[in-house]
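Colleague: Requesting a structural model of the entry that follows:
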Amino acid sequence: MTIFTPSHPLQNPLITFGRGIPAYAEVKPEHIDSAISYLLKAAEAAVDKATDANTPCTWDALAEPLEDATESLGRSWSVISHLNSVADTPELRAAYGEMLPQVTAFFSSLSQNLALYEKFKVIQSSSEFSKLGMAQKKVIENALRDFRLGGAELTDAQKPRFAQIQDEQAILGKAFSDHVLDATDGFVHLITDEAELAGLPEDAIAAAADTAKQTNLEGWAFTLHFPSYYPVMQYSENRALRQLMYQAYVTRASELAPQFTNGKLEWDNTENMLAQLRLRDEEARMLGFANYAALSIAPKMANTVSEVDQFLGDIAKKSKPFAQQDWDELQAFANTELQPWDIPYYSEKLKQARYSFSENELKQYFPLPKVLEGLFGVIQTLFGVKIHQADLPTWHADVQSFSVSNEDGQIVAYFYLDPYARPGKRGGAWMDDARGRRELANGEIQIPVAYLVCNFAPPVKVDGQLRQPTITHDDVITLFHESGHGLHHLLTQVGALGVSGINGVEWDAVELPSQFMENFCWEWEVLEKMTAHAETGKPLPKALFDKMLAAKNFQNGLGTLRQIVMSLTDWRLHSTFDVTMAKGEAVLELSRNTATEFNIIPQPEISRWINSFSHIFAGGYAAGYYSYKWAEVLSADAYSAFEEAAKLNGSVLDQQTGKRYRQEILEVGGSRPAAESFKAFRGREPSIDALLRHGGLA
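Modeller: Here you go, the predicted structure:
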């Protein structure tokens, strides 16, 4: 047969970087169509060749070339998706949206390609399969599973509808995310009377003044981006301001959002959520599953829907008495009828009264550069690597890049850090795969690259001078969390792309390395080396650390129960929700009923938090939000090995335990089941005891 070879578009930065690092700043919206069209044709040609009867059913002849073509398409599309998340513009968004259906359709068709499916089955049943390495075997096994879940066994009559479902879900997911971002960016509250700023920390006031200047306003401007929003809720003595900000925040992307006065009805996610749930239910039933939750766990650690039900119910039962105690104490302390916009404010007051320190006081000891130095110190000590500043191409002046080298000085990985919130950047924090580790056909190693993205408050000018950015201890935990994901991706030793690093790891185990790293944020031997007061330069006093440690589980009952309610809402939407009978408001009704059944704090009538629950409607966690708690059991138990080592040698930064953790968890990536990796490290099945002990819920 004749294989089509598309012509190469000249000077397109989405193609010319090849296996290297893209020139992000040179990527323009007009590059997207030509690059993705070219790469789609190349990928389609590779599929044609793979399915040709003359192509041998071997790893080298079939799996490797197919991976080459799909990786090229996937990496360029990943660059576009990344820029859409961190440097959104109307032009980029439009160009991204234009090509999204075509990219989605290609990968949907790939998973439905029966000829390709049959060829992968031949590889598995051939004598060559036994000669493949563990990682290559896992790639083949995962591929066969994904073919089945991707609709390869559907009839020819069913496949077009199945592909259409994937396309529609991708479009709806993007729209959901766009609506949340637009609703967040679209709200600005201006204060012109300085008296209304009472109680706010100096840096929050300075940031608000800076935001006002950037938008050509006079005064202090507050937004719904978390670094601007939450200090108001936590410290402002202006109750009316707290109420205004709270109501704007919890009604984002809903019919109650304040932007509706400007005619932005298209930002309402109510019908979007229901449409996604209907599509997911239809997809699951086409594949023979009772509901989307059952389909979701097919490639995960959890075995049954009832197992997840029981897991979440057990934690809810254990945490509810502690949550009730937290709520009773807060009400007694406030001595007033608490409204939702009062809770963070009085919680902070109670914390200060009980432990004699404030979050803002603590924040002054965490300048971001010093925190990074401490984080890198932990990583270098535990895992035997060195981290140095690099000079990779970036997409914004605030972005930093770093290299990771082994004990011999050889660079084994790179990563980016994009630390600050800004307009056009999606909220939250995440790690993403910029390039995976892979052993190429010529024997060379393609080293991995990761994105670490946060939304910390940016540095601001005070009295004309730029103050070094300080972050909260919660921000420190976030940074360690995302670095844990990064280490999982960067320190892998697997050469098969499909299971190297985070690739191929079960979704409900992928949070193990991230939540594991959070534990070091509570160790004195770590914090004393990563703190320096913003004004005096002195490290965190031990007395303040002791107070901080005493407050570690402050209101953790409420916090745990809140996370369980979110997990159960997600799980019930995908396991028991009757989408055939539902109307748009039914999604809100289910979220309310779940909160009423399990939560302690009454939910206000105006709350539409579900309308901005991007994790499950735009972030890949559909019927998977339970994974955070599931993996937290694993991570707490894994960390207890370091606590055991500390009892013997006096340090949780035990290099031998770190070496075992690196070898058995980080290096193997997705090349073997997560349960086997955990048992290889701990020598036994996981136990929930460490999680309950760490959280003060034992």
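Colleague: Tell me how far the closest residue to A61 other than its chain neighbours lies from N142.
Modeller: Nearest non-adjacent residue to A61, counting by C-beta to C-beta, 6 or more residues apart in numbering: T55, 5.7 Å away. C-beta here means a position set from N, CA and C on the backbone, and glycine is covered the same way. When distance is defined by C-beta to C-beta, to the nearest Å, T55 is 21 Å away from N142.
Colleague: Return the set of buried residues in stretch 439-448.
Modeller: Using 16 or more other C-beta atoms under 10 Å as the test for burial, stretch 439-448 gives 439, 446-448.
Colleague: Save those residues as a markdown table, and put in pLDDT too.
Modeller: Shown next, in a markdown table, are these (pLDDT from 0 to 100):
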| residue | pLDDT |
| --- | --- |
| E439 | 95 |
| Q446 | 97 |
| I447 | 97 |
| P448 | 98 |
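Colleague: mind listing which of those are in helices?
Modeller: Applying DSSP state H to the buried residues of stretch 439-448, no entry is found in helices.
Colleague: In CSV, list the residues you listed along with distance to E667.
Modeller: CSV is the format used below for the buried residues of stretch 439-448 (distance: C-beta to C-beta, whole Å):
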residue, distance to E667
E439, 14
Q446, 16
I447, 14
P448, 12
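Colleague: So the residue nearest to A61 belongs to a helix, correct?
Modeller: No. Secondary structure of T55 (DSSP: H, G, I helix; E, B strand; the rest coil): coil, not part of a helix.
Colleague: burial count for it?
Modeller: For T55, the neighbour count with other C-beta atoms under 10 Å is 15.
Colleague: mind listing what it touches?
Modeller: The contact partners of T55, by C-beta atoms under 8 Å, 6 or more residues apart in numbering, come to 49, 61-62, 119.
Colleague: now it: how far from A646?
Modeller: Distance, T55 to A646, using C-beta to C-beta: 55 Å.
Colleague: ok, back up a step: for the buried residues of stretch 439-448, which one is nearest S358?
Modeller: Taking C-beta to C-beta as the measure, S358 lies nearest P448 of the buried residues of stretch 439-448, at 40.1 Å.
Colleague: Just list the residues touching the closest residue to the closest one other than its chain neighbours, thanks.
Modeller: Leaving out its chain neighbours, the residue that sits closest to P448 by C-beta to C-beta, 6+ apart is R437, at 4.3 Å. By C-beta under 8 Å, 6+ apart, the contact list for R437 reads 413, 445-448, 492-495, 497, 500-501.
Colleague: switch to 10 Å and redo it
Modeller: R437 makes contacts with 412-413, 445-449, 489-497, 500-501, 503, 669, as judged by C-beta atoms under 10 Å, 6 or more residues apart in numbering.
Colleague: Assign A434 to helix, strand or coil.
Modeller: Three-state call for A434 (three-state DSSP): strand.
Colleague: that older thread, report the separation between the residue nearest to P448 and V462.
Modeller: 44 Å.
Colleague: Verify the stated contact: S640 with R684.
Modeller: No. Counting by C-beta atoms under 10 Å, S640 sits too far from R684 to count as a contact (11.3 Å).
Colleague: so who does E98 touch?
Modeller: With C-beta under 10 Å, 6+ apart, E98 has these contacts: 29, 32-33, 36.
Colleague: Tell me the one of these nearest P367?
Modeller: Nearest to P367, judged by C-beta to C-beta, of the contacts of E98 is P29 at 36.8 Å.
Colleague: how close does the closest one get to A23?
Modeller: Distance of P29 to A23, given as C-beta to C-beta: 15 Å.
Colleague: what do you get for S236?
Modeller: Taken as C-beta to C-beta, the span from S236 to A23 is 43 Å.
Colleague: So for the two, which residue has more residues nearby?
Modeller: Remark: of S236 and A23, S236 carries more neighbours, 23 against 16, as counted by other C-beta under 10 Å.
Colleague: from what I can see the more buried one touches W220, true?
Modeller: No. Contact criterion C-beta under 10 Å: S236 and W220 do not qualify, at 11.4 Å.
Colleague: got the residue ranges for the helices in the stretch 251-400 of the chain?
Modeller: 270-286, 292-296, 305-334, 343-355, 359-363, 368-383 (DSSP state H, counting those that start in this stretch).
Colleague: which of those helices is buried the deepest?
Modeller: For the helices of the stretch 251-400 of the chain, average neighbour numbers computed from mean count of other C-beta atoms under 10 Å are highest in helix 292-296, which has a mean of 24.
Colleague: which SS class is the residue lying closest to E643 once chain neighbours are set aside?
Modeller: Closest residue in space to E643, ignoring its immediate chain neighbours: V652 at 6.5 Å, by C-beta to C-beta, 6+ apart. At V652 the chain is in coil, as set by three-state DSSP.
Colleague: For V652, which residues are in contact?
Modeller: Listed by C-beta under 10 Å, 6+ apart, the contact set of V652 reads 378, 382, 519-520, 522-526, 639, 641-646, 658.
Colleague: got it, and A284?
Modeller: A284 makes contacts with 149, 290-296, 298, 574, 623, as judged by C-beta under 10 Å, 6+ apart.
Colleague: ok, now with 8 Å
Modeller: Counting by C-beta under 8 Å, 6+ apart, A284 touches 290-292, 294-295.
Colleague: what does I205 give?
Modeller: I205 touches 197, 220, counting by C-beta under 8 Å, 6+ apart.
Colleague: Check what pLDDT T270 gets.
Modeller: Looking at T270, its pLDDT is 95.
Colleague: Any idea how many residues pack against the nearest residue to it once chain neighbours are set aside?
Modeller: Distances taken as C-beta to C-beta, 6+ apart place G584 nearest to T270, at 4.4 Å, with adjacent residues excluded. Other residues near G584 come to 15 when the count uses other C-beta under 10 Å.
Colleague: my read: G584 touches A275, true?
Modeller: No. Between G584 and A275 there is no contact under C-beta atoms under 8 Å: 9.0 Å.
Colleague: give the contact list for F187.
Modeller: By C-beta under 8 Å, 6+ apart, the residues touching F187 are 223-224, 248, 252, 258-259.
Colleague: for it, phi and psi?
Modeller: Main-chain torsions, F187, degrees, to the nearest 10: phi -110, psi 120.
Colleague: cool, and Y420?
Modeller: Y420 has phi and psi values of phi -110, psi 150 when expressed as degrees, to the nearest 10.
Colleague: just L452 next, same as before
Modeller: Note on L452: its backbone torsions stand at phi -110, psi 120 [degrees, to the nearest 10].
Colleague: got it, and the one 4 residues further on?
Modeller: For F456, the backbone dihedrals (degrees, to the nearest 10) come out as phi -70, psi 160.
Colleague: Pull the contacting residues for it.
Modeller: Residues counted as contacts of F456 (C-beta under 8 Å, 6+ apart) are 227, 368, 419-421, 469, 471, 475.
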